[in-house]
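Visitor: What follows is a predicted structure for the sequence shown.
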Amino acid sequence: IRVRGRSGGDEVPTVSRSICRNALAGRQAVLFNEGAGSVQDIGMSIVSLRIRSALTVPLILDERILGLIQLDTSDRSRAFTADDLEVAVAFGRMAALAVNNARML
């Protein structure tokens, strides 16, 4: 986990459960932008974390979900785009392979 402006360490990840739930249920990447209606279940986590834009990509290999990647921002001027989502999906495919290979070792 990396939080801009704070050092890493042993932080507990804080992610939007509603956005993650949408990505897992649909087994596909989700692009959330505030006010765009891209996530059906706007949960309290989106509000409490002040998320204005987010990308969530499930790590899927051979129909198995191995994990999730979520990037979010509270800065409206840095909203994620469809191009960003495309890059994140490509990265997610490589990450799923890496996670699977690490598990096999």
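Guide: Okay, I see it. Numbering: from 1, shown residues only.
Visitor: use CA for all of it now, contacts and neighbours both
Guide: Noted.
Visitor: Going by residue numbers, what spans are strands in this protein?
Guide: In the chain, strands defined by DSSP state E lie at 30-33, 53-61, 64-73, listed in chain order.
Visitor: Give me the helices and strands touching the last one, please.
Guide: In terms of contacts (3 or more Cα pairs under 8 Å, 6 or more residues apart in numbering; DSSP states H and E), strand 64-73 is packed against strand 53-61, helix 82-104.
Visitor: what residues are up against Leu88?
Guide: For residue 88 the amino acid is Ala, not Leu. With Cα atoms under 8 Å, 6 or more residues apart in numbering as the criterion, the residues that contact Ala88 are Leu55, Val57.
Visitor: What lies in contact with stretch 60-74?
Guide: Surrounding stretch 60-74, the residues in contact under the criterion Cα under 8 Å, 6+ apart are 15, 20, 27, 49-59, 79, 92-93, 96-97, 99-100.
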